[in-house]
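Peer 1: here are the coordinates; sequence isn't available:
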Ligand SMILES: NC(=O)C1=CN([C@@H]2O[C@H](COP(=O)(O)OP(=O)(O)OC[C@H]3O[C@@H](n4cnc5c(N)ncnc54)[C@H](O)[C@@H]3O)[C@@H](O)[C@H]2O)C=CC1
Ligand SMILES: O=C([O-])CC(=O)C(=O)O
């Protein structure tokens, strides 16, 4: 049957572990969407494979994306979140946000979206169970907790470790390196704890959501366990993510974005 709805134009900001897979999936085809533009830090590095796509998008600086697209997918370093998302939501458009940890320092972006009829979408990303958490949050959640275990390589360089002089390079046993709120976890581990912030925004907020982080030389996967107790259900779930080419980022993250984009215009939509 003919597709009567006009396609929505999509742009991708950042061509790293997540962005590259998202671009390739969009080029293969996602119902109701068309890829029009991408941004990269070193455009020359990407011109070759972009030119070989079925339909090559424009390669432009991030400040041009909001004008060119209806939906901009942010998969860039967290310091660029404001520069990428503000112009999108100011135009009443949609930003898909991966560096969700940065939202805590940029909470006014949500007000900006509200004022202009824009939307910020946070995919489940590397986590699990945000469908159940958002459902439970319609009622009352009593407690929410995240326990993250990562191989040492996925944690090295985190500001919390550097500032507190915590050495993990030579550990031979699991070491708990952080216990506290999701808000503090996001500050101390900006490239690692997007999942903590996503959980907190789905549930009871960054101050009441508790987080434990372990550096674990016995695991090869980024492992996240969530435990939620509410007036509708008690649940705990664990996901063991195979790292992508970026050891800080699980492979499933890009797939979650692709699934999220598929849902935007799909004729059948499963899950909350
Ligand atoms: N919500 C979630 O569950 C998850 C979120 N993330 C977050 O998503 C973001 C992207 O993650 P990855 O793809 O793994 O990171 P990555 O480091 O592999 O890719 C980021 C890309 O952005 C590019 N970039 C830097 N400056 C740029 C600029 N001015 N314009 C355009 N591109 C620029 C870099 O060159 C790099 O290619 C990170 O902030 C990460 O923390 C990662 C995993 C899970
Ligand atoms: O597990 C992952 O892939 C990444 C992660 O913890 C995060 O960004 O929050």
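Peer 2: Done, it's in. The model shown is predicted, which means the values in this text are computed figures rather than measured ones. Ligands and ions are numbered 1, 2, ... in the order given.

Peer 1: how far away is the residue nearest the centre of the chain from ligand 2?
Peer 2: In the chain, the centroid-proximal residue (Cα atoms, centre = their mean) is residue 98; its distance is 2.6 Å. Distance, residue 98 to ligand 2, by Cβ to the nearest ligand atom, to the nearest Å: 8 Å. For every residue, glycine as well, the C-beta is placed using N, CA and C.

Peer 1: What residues does that residue make contact with?
Peer 2: 18, 73-75, 123, 125, 194, 253, 257 (Cβ atoms under 8 Å, 6 or more residues apart in numbering).

Peer 1: any idea how far residue 75 is from the closest residue to ligand 1 within the stretch 1-150 of the chain?
Peer 2: Residue nearest to ligand 1 within the stretch 1-150 of the chain (Cβ to the nearest ligand atom): residue 16, separated by 1.8 Å. For residue 16, the distance to residue 75 equals 7 Å [Cβ to Cβ, to the nearest Å].

Peer 1: neighbour count winner among those two?
Peer 2: Shown here are residue 16 and residue 75; by other Cβ atoms under 10 Å, residue 75 has more neighbours (27 against 17).

Peer 1: In this structure that one contacts residue 256, no?
Peer 2: No - the pair residue 75 and residue 256 does not pass the contact test of Cβ atoms under 8 Å, sitting 11.5 Å apart.

Peer 1: coming back round to it: just read off the phi/psi values of the closest residue to the residue nearest to the centre of the chain other than its chain neighbours.
Peer 2: Excluding its sequence neighbours, the residue lying closest to residue 98 (Cβ to Cβ, 6 or more residues apart in numbering) is residue 75, at 4.9 Å. Per-residue torsions, residue 75: phi -130, psi 50 (degrees, to the nearest 10).

Peer 1: Could you do residue 114 as well?
Peer 2: Note on residue 114: its backbone torsions stand at phi -60, psi -40 [degrees, to the nearest 10].

Peer 1: Give me the neighbour count for it.
Peer 2: Using other Cβ under 10 Å, residue 114 has 12 other residues around it.

Peer 1: distance of residue 46 from residue 213?
Peer 2: According to Cβ to Cβ, residue 46 and residue 213 sit 33 Å apart.

Peer 1: In terms of neighbours, single out the busier of those two.
Peer 2: residue 213 (26 against 18).

Peer 1: What helices and strands are in contact with the helix or strand that one falls within?
Peer 2: Residue 213 belongs to strand 210-215 when assigned by DSSP states H and E. Packing partners of strand 210-215 (3 or more Cβ pairs under 8 Å, 6 or more residues apart in numbering; DSSP states H and E): strand 141-150, strand 175-181, helix 182-188.
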